[in-house]
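# Requesting a structural model of the entry that follows:
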Amino acid sequence: MEEILKLIFQNKEAIFIVLLSIFLGIEVISNVPAILHTPLMSGANAIHGVVVIGGIIVMGHADPDNYMALGLGLLAVILGTLNVVGGFVVTNRMLEMFKKKPNK
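Purely as a prediction, here's the structure:
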């Protein structure tokens, strides 16, 4: 228990910044109008593309015996790819809602 308290005390500034960014992110996201949601989803997909590239770089620079780095890189690539594909599917579905329906 003492080690946990020592770790928290040593990193109190970083913990404060993370907590502040969580509350700020929740506040910003909750005030986004529905019309801006689609462009923000596309931007988030681009950020997840960077996660995929970062995972590939981690796996490329890791030693073949470093299974932890290889596993984390593979996990980053898989989860980043799922986020990118899922995000674009959701964005495409949202954009379909704005198209006019053909007349019968």
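
# Could you measure from the residue positioned nearest the centre of the chain over to residue 54?
Central residue of the chain (Cα atoms, centre = their mean): residue 48, 5.4 Å from the mean position. From residue 48 over to residue 54 the distance is 10 Å, taken as Cβ to Cβ, to the nearest Å. Where you see a C-beta, it was placed from the backbone N, CA and C, and this is true even at glycine.

# follow-up on the earlier one: which helix or strand contains the residue nearest to the centre of the chain?
helix 37-61 (DSSP states H and E).

# which residues touch stretch 76-95?
37-38, 41-42, 44-45, 48-49, 51-52, 54-56, 58-59 (Cβ atoms under 8 Å, 6 or more residues apart in numbering).

# Out of those residues, give me the two with the largest separation.
Farthest pair in those (Cβ to Cβ) is 37 and 59. Separation: 33.0 Å.

# Of the two, which one has the most company?
residue 59 (17 against 14; other Cβ atoms under 10 Å).

# dump the residue contacts of that one.
By Cβ under 8 Å, 6+ apart, the contact set of residue 59 is 69, 70, 73, 74, 77.
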